[in-house]
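**Q** what follows is a predicted structure for the sequence shown.
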Amino acid sequence: MWGARPGDAGLDFGGDRVTPGREGWLRAVEVRTGAPAAFRRLCQLRVAPYSYDWIDNGGRRSPRGLTPGVDDLATGQRWMTIFDLVAFEPGEQLTFRMATPGARWIFGDILITYAIRDLGPDRCRLVAKLHLPPPRGQLERATRPLLAAGDLVMMRRQLLNLAALAEGDSVVT
């Protein structure tokens, strides 16, 4: 768990409805802007991963500006190259499922829910929950700590980037 607070775990995550009873890892960050601006920035995950671009975006920089139309949501859309949108609540949360065969073979049937927890007009929390299947064997059991460490590093960077960009979006110029 990184950045998560007790109230974050009590959110109703879409991934829990899609695949109930799974192990879950929480990651969270406070965002100094309202929930609508944070959700709009979260929708940018449709065009780029916003983590370490040299690792997970082919060296291309994730866009700093807002891309028109990415908040037009529909299940089945491809997000962050390897995920499909499987459930959403506009303005509140997005749930993705690992979609590409190679990624599913390596990591398993992982789902991620990104939720916005509204804390008032100028504050919210961006909370991500990974919904993990039981390990498929000894190798996956043995490598689960490596997955946790790698995910922590990558998702921490992603959430911090999204928070900073959302905060910048809400600045009146």
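**A** Noted; the coordinates are in hand. Numbers count the residues shown, from 1 in each chain.

**Q** lowest average confidence, helix or strand, in the protein?
**A** Sorting the helices and strands of the chain by mean pLDDT, DSSP states H and E puts helix 53-56 at the bottom, at a mean of 71.

**Q** pull up the pairing partners for the helix or strand following it, direction included.
**A** For helix 53-56, the succeeding helix or strand toward the C-terminus, using DSSP states H and E, is strand 78-79. Sheet pairing here is set by DSSP bridges, and for strand 78-79 it gives strand 83-89 (antiparallel).

**Q** what's the strand it pairs with in contact with?
**A** Here strand 83-89 makes contact (CB atoms under 8 Å, 6 or more residues apart in numbering) with 14-15, 17-18, 73-79, 94-99, 111-112. To be clear about C-beta, it is placed using only N, CA and C from the backbone, and glycine gets the same treatment.

**Q** in what helix or strand does the closest residue in space to residue 9 that isn't next to it in sequence lie?
**A** Counting by CB to CB, 6 or more residues apart in numbering, residue 26 is the residue found nearest to residue 9 once chain neighbours are left out, at 6.2 Å. Taking DSSP H and E as the definition, residue 26 sits inside strand 23-31.

**Q** average model confidence for that strand?
**A** For strand 23-31, the mean per-residue pLDDT is 94.

**Q** can you give me the buried ones in that strand?
**A** Neighbour-count burial for strand 23-31 flags 24-29, 31 (criterion: 16 or more other CB atoms under 10 Å).

**Q** chain center to the biggest helix by length in the chain, what's the gap?
**A** Taking DSSP state H as the criterion, the chain has its longest helix at helix 138-169. Relative to its chain's centre, helix 138-169 lies at 9 Å (CA atoms, centre = their mean, to the nearest Å).
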